[in-house]
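[1] give the three-dimensional model of this entry:
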Amino acid sequence: MLDVMNQSEKQLMIKAALVTGVSFVLSRFMLGNFLFTIPLMVLAPKISDRRYALVPVAAVALLTLIVSLFQARGALSESAGRLLLVIGLFIPFVLLVASAVWIYLDDQRTMVRYLASSAFGVVVSIGLVIWLSSGSELVAEVDAMMLEAFRALFVQLDGGSGTLSARDLEKVYRLSVMVSGSVLAPLCMGLVGFASFMAMSYLGRNSEDFSKRVATWSVPYETLWVFLGSWTVVMFLIVFKAPFLGRALALNVALGASVLYAVQGGAIVMHFVRRKGLPISGGRLMMSLFLIAFLVPGLNIVVVFLLPLLGVLETWIVFRKDE
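    The predicted structure follows:
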């Protein structure tokens, strides 16, 4: 019996090492940078002790930090170089912390796990937006470096045809920075939600109960006041032309609440799919909605606005009632 247990433990250790390696390799690619925590969350339920289940997450975090420090070693002597390193590590470490929280809270309800997993990314996003809006000398230096990189990238993509003047190009850059600052927290929530759901979907791929559970997801009633209040504040700030920082913070809160209602809206869609008996699994439906929202211009507007609206309307209209 002891030999069997030892053999089982060895196989699990080998699998954990392989998953750690796959996760780290994925993190080195642009697209994989948004997916690399999924293998870690899929592996975790196979490890009985939650503390040991966090070891692969810590290993990937350590490897990511070491490699990033090595690649940026020439710029670490300057403050601007260190700040650029922090910005570059922002998304990977938000997802790593989120996966660690998700794994540790495996005995909690799905919505509780998701909110807790997203909390770090939301708080750090808001802190980062406030800091980068401070206008300090260091931030100005990094901003100038990123503007030059943006210009070089645009010239390369444009083939040097000079479609936009230097002034117009800077306006495009400023607009992209403002938009990024206004959606950073909900973007983190979306990425955390996608990775967590894909892990859950894979683990429940052979369970007939998974789609049924997805169809029952709902957000706490109190979220309605955050949603309505934050969007009201956004409208006032826009009408009275408030400074960017105030508008950005209000938009982050409002869009964050909208992400939660989009999850509820997706659950309502899954409910109707099940009622109609359509052969679409919860994992396939949610992945399709996520990909449309991020990758299909035009059609994504329908998903981005319709799903949160559907989720909010269920406060007054009961969509999910049994036949």
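[2] chain center to stretch 254-262, what's the gap?
    13 Å (CA atoms, centre = their mean, to the nearest Å).
[3] number the residues from 678 up from this point.
    Got it, first residue is 678 now, which makes that one stretch 931-939.
[4] return that stretch as PDB; C-alpha atoms alone will do.
    What follows is stretch 931-939 as a C-alpha-only set of coordinates in PDB (Å, rounded to 0.1, in the frame of the first residue of the first chain):
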ATOM      1  CA  ALA A 931     -19.200  51.300 -13.100                       C
ATOM      2  CA  LEU A 932     -17.700  48.900 -15.700                       C
ATOM      3  CA  GLY A 933     -16.700  46.500 -12.900                       C
ATOM      4  CA  ALA A 934     -20.300  46.300 -11.800                       C
ATOM      5  CA  SER A 935     -21.300  45.800 -15.400                       C
ATOM      6  CA  VAL A 936     -18.900  42.900 -15.700                       C
ATOM      7  CA  LEU A 937     -20.700  41.200 -12.800                       C
ATOM      8  CA  TYR A 938     -24.100  41.700 -14.400                       C
ATOM      9  CA  ALA A 939     -22.700  40.400 -17.700                       C
END
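[5] contact partners of it?
    Identification of contacts with stretch 931-939 by CB atoms under 8 Å, 6 or more residues apart in numbering yields 799, 859-860, 862-863, 866-867, 870, 896, 900, 903-904, 907-908, 910-911, 981, 984-989. Yep, even glycine has a C-beta here, placed from its N, CA and C like the rest.
[6] buried ones among those residues?
    Neighbour-count burial (16 or more other CB atoms under 10 Å) is assigned, among those, to 799, 859-860, 862-863, 866-867, 870, 896, 900, 903-904, 907-908, 910-911, 981, 984-985, 987-989.
[7] select from those every entry located in helices.
    Using DSSP state H, the members of those that fall in helices are 799, 859-860, 862-863, 866-867, 870, 900, 903-904, 907-908, 910-911, 981, 984-985, 987-989.
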